[in-house]
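Trainee: sequence first, predicted model second:
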Amino acid sequence: MYTIKTLNAISPVGLAKLPATQFEVDNDSPTPQGILVRSADLHEVPLPDSLLAIARAGAGTNNIPIDKCTAAGIVVFNTPGANANAVAELVVGALVAGSRNLPDAIAWAQNLKGSQTLAKDVEKGKKQFVGPELRGKTLGVIGLGAIGSRVANAAVALGMEVLGYDPYISIDAAWSLSRSVQHCVSLGDMLPRCDYLTVHVPYMPSTKHTINAQTLSMCKDGVRVFNFARGELVDTTAMLAALESGKAAQYFCDFPSDELLGVKGVYCTPHLGASTPESETNCAVMAATELSDYLKNGNILHSVNLPDVQQPRAGGRRICIIHKNEPGVISAITGILTNANLNIENMVNKGKKDVAYTMLDVTGTIADSLTEQLSGIDAVIRVRIL
Ligand SMILES: NC(=O)c1ccc[n+]([C@@H]2O[C@H](COP(=O)([O-])OP(=O)(O)OC[C@H]3O[C@@H](n4cnc5c(N)ncnc54)[C@H](O)[C@@H]3O)[C@@H](O)[C@H]2O)c1
Ligand SMILES: O=C(O)CC[C@@H](O)C(=O)O
């Protein structure tokens with residue numbers, strides 16, 4: 001029986017992937033083997049020795065201390081693409097809403113309640129909300145992954161000229177991108193041409209303040225900026241100065257902060273990007289499936305800190321070893337298994353940066369001391385025998 005703790009609301013459709021015969025969902029457990037999380041910040045949360053895996057029902061993993069997890073042999077999963085459609089639709093909605101001044105127009109119309117001259121007020125007042133059509137305008141998309149590529153393709157379909165910047169684009173994303181999206185090799189190549197700019201990169205030290213005073217100064221006057229990725233990707237101080245000077249006309253952001261709220265031209269939504277029933281279900285199902293397959297079978301799919309390794313069970317017992325990615329570990333492992341008179345039916349080893357994963361299906365009698373012997377190899381971080 002595996003104990004799973006959920007932080008944040010996880011869709012019941014996902015939790016149903018963890019049957020009660022094998023999994024117990026106990027949010028008060030001090031010793032869970034698995035955690036299912038959305039946006040809760042785990043950086044300051046103690047990680048118990050019992051913890052084997054954390055599955056993030058979502059894309060961004062900046063709320064999880066990845067290096068600390070790797071050092072402790074905790075596999076961190078995410079759910080790539082599972083909420084991309086939800087975010088992309090919201091960005092398209094925001095492009096239209098921003099351009100046509102919908103938030104201000106709606107708020108203004110609400111205030112007409114009770115007016116005896118409502119129809120006249122509407123016709124007289126509407127001119128203050130005139131805003132441009134998207135068709136024929138230029139959109140810059142920074143980050144062409146699951147979300148950015150969908151936004152770019154949708155904008156092409158709306159008749160926009162679309163510029164894309166992503167030096168690390170995956171082959172899948174590149175294949176899925178409309179041929180009309182123009183490739184920019186630098187932000188300098190893109191920013192001076194954009195009427196609208198949207199950012200879809202993960203937040204990490206290298207992407208902090210991707211939009212800053214310098215990048216904003218390269219933009220067209222009156223640029224409209226959209227950030228449905230992470231608040232930290234935009235330097236708020238620089239953004240507010242750009243709005244004040246007229247360099248930027250609008251800032252749509254899914255990450256409200258005290259400095260942003262109430263400022264003219266700023267429109268904050270409450271981290272709503274992935275908040276659709278479809279996306280919440282997709283993410284929860286994917287996260288629970290990843291967690292279940294790792295806990296039960298040692299298979300790893302969609303991990304952000306360990307290599308993806310999957311094998312059908314080949315009979316006998318399965319030994320799963322997380323270890324440092326350095327020479328001599330495999331021979332040390334196989335040496336111990338040979339001395340233990342175990343036959344290796346199947347074996348796979350993959351490395352990812354400094355860490356590696358070795359999974360072996362063995363037949364023969366496993367002594368109680370085997371875990372301890374394997375754990376005694378200097379480079380070994382965690383051993384599980386399933
Ligand atoms: N608002 C929300 O609710 C919500 C929901 C989902 C995701 N997000 C955020 O959106 C981000 C992107 O999600 P995704 O599913 O598209 O992820 P993804 O991994 O599919 O795409 C990210 C893309 O960014 C690119 N990239 C990385 N560094 C870059 C850089 N310096 N310059 C340009 N491109 C760079 C990558 O090559 C990749 O193509 C997530 O990391 C998360 O922070 C927010
Ligand atoms: O769980 C959510 O609602 C938001 C998830 C989103 O920020 C993500 O990075 O996938």
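Mentor: That came through, no problem. Ligands and ions are numbered 1, 2, ... in the order given.

Trainee: can you pull the residues of the stretch 151-300 of the chain lying near ligand 2?
Mentor: Listed as neighbours of ligand 2 in the stretch 151-300 of the chain under the rule CB under 6 Å from any ligand atom: 271, 273-275. C-betas here are computed from N, CA, C, even on glycine.

Trainee: from I300, how far out is D308?
Mentor: 6 Å (CB to CB, to the nearest Å).

Trainee: contact partners for the nearest residue to N101 once chain neighbours are set aside?
Mentor: Spatial nearest neighbour of N101, excluding adjacent residues (CB to CB, 6 or more residues apart in numbering): F129 at 4.2 Å. By CB atoms under 8 Å, 6 or more residues apart in numbering, F129 lies in contact with 100-101, 104-105, 108.

Trainee: ditto for P277
Mentor: For P277, the contacting residues are S11, by CB under 8 Å, 6+ apart.

Trainee: repeat for A9
Mentor: Shown in contact with A9 (CB under 8 Å, 6+ apart): 38, 280.

Trainee: please tell me how far it sits from L36.
Mentor: 10 Å.

Trainee: F252 now?
Mentor: 30 Å.

Trainee: more neighbours, those two?
Mentor: Between F252 and L36, counted using other CB atoms under 10 Å, the more crowded position is L36 (28 against 24).

Trainee: show me what secondary structure element comes after whatever helix or strand that one lives in.
Mentor: L36 is located in strand 34-37, with elements delineated by DSSP states H and E. Next helix or strand after strand 34-37 toward the C-terminus (DSSP H and E): strand 53-56.

Trainee: each with direction, which strands does that next one pair with?
Mentor: Paired strands of strand 53-56, with direction, are strand 34-37 (parallel), strand 75-77 (parallel) (DSSP bridges).

Trainee: name the SS class of the closest residue to ligand 2 within the chain, please.
Mentor: Residue nearest to ligand 2 within the chain (CB to the nearest ligand atom): G58, separated by 2.7 Å. On the three-state scheme (DSSP: H, G, I helix; E, B strand; the rest coil), G58 is labelled coil.

Trainee: list the contacts for it?
Mentor: So G58 contacts 38-39, 78-79, 82-83, 274, 283 (CB under 8 Å, 6+ apart).

Trainee: which among those are in contact with ligand 1?
Mentor: For ligand 1, the contacts drawn from these by CB under 6 Å from any ligand atom are 83, 274.

Trainee: give me the buried entries from the contacts of G58.
Mentor: The neighbour count (16 or more other CB atoms under 10 Å) marks 38, 78-79, 82-83, 274, 283 as buried among the contacts of G58.

Trainee: in ChimeraX, how would I select the buried members of the residues of the stretch 151-300 of the chain next to ligand 2?
Mentor: Command for ChimeraX that selects the buried part of these, burial taken from 16+ other CB under 10 Å:
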select :271,273,274
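
Trainee: and which of the residues of the stretch 151-300 of the chain next to ligand 2 is nearest L187?
Mentor: G273 (22.7 Å; CB to CB).

Trainee: if I look at that closest one, how far off is S369?
Mentor: Distance from G273 to S369, by CB to CB: 50 Å.

Trainee: and for R150?
Mentor: In this structure, R150 and S369 are 52 Å apart, going by CB to CB.

Trainee: compare the two and say which is more crowded by neighbours.
Mentor: R150 (25 against 10).

Trainee: ok but that one is inside a helix, no?
Mentor: Yes: applying three-state DSSP, one finds R150 inside a helix.

Trainee: excluding its backbone neighbours, what's nearest S275?
Mentor: Nearest residue to S275, sequence neighbours excluded (CB to CB, 6+ apart): A86, at 7.2 Å.

Trainee: wait, I meant V234
Mentor: I211 (4.3 Å).

Trainee: doesn't G231 make contact with the one you found?
Mentor: No: assessed by CB atoms under 8 Å, I211 is found out of contact with G231, at 10.9 Å.

Trainee: next, the buried residues of the lengthiest helix in the chain.
Mentor: Longest helix in the chain by number of residues (criterion: DSSP state H): helix 277-297. By 16+ other CB under 10 Å, the buried positions in helix 277-297 come out as 279-295, 297.

Trainee: mean confidence for that helix?
Mentor: On average, the pLDDT along helix 277-297 is 98.

Trainee: next: stretch 356-373.
Mentor: Averaging pLDDT along stretch 356-373 yields 97.

Trainee: any idea how far it is from the middle of the chain?
Mentor: The chain centroid and the centroid of stretch 356-373 are separated by 34 Å, computed with CA atoms, centre = their mean, to the nearest Å.

Trainee: near ligand 1, which residues of the stretch 251-386 of the chain?
Mentor: Applying CB under 6 Å from any ligand atom, we find that the stretch 251-386 of the chain lies next to ligand 1 at 254, 271, 273-274.
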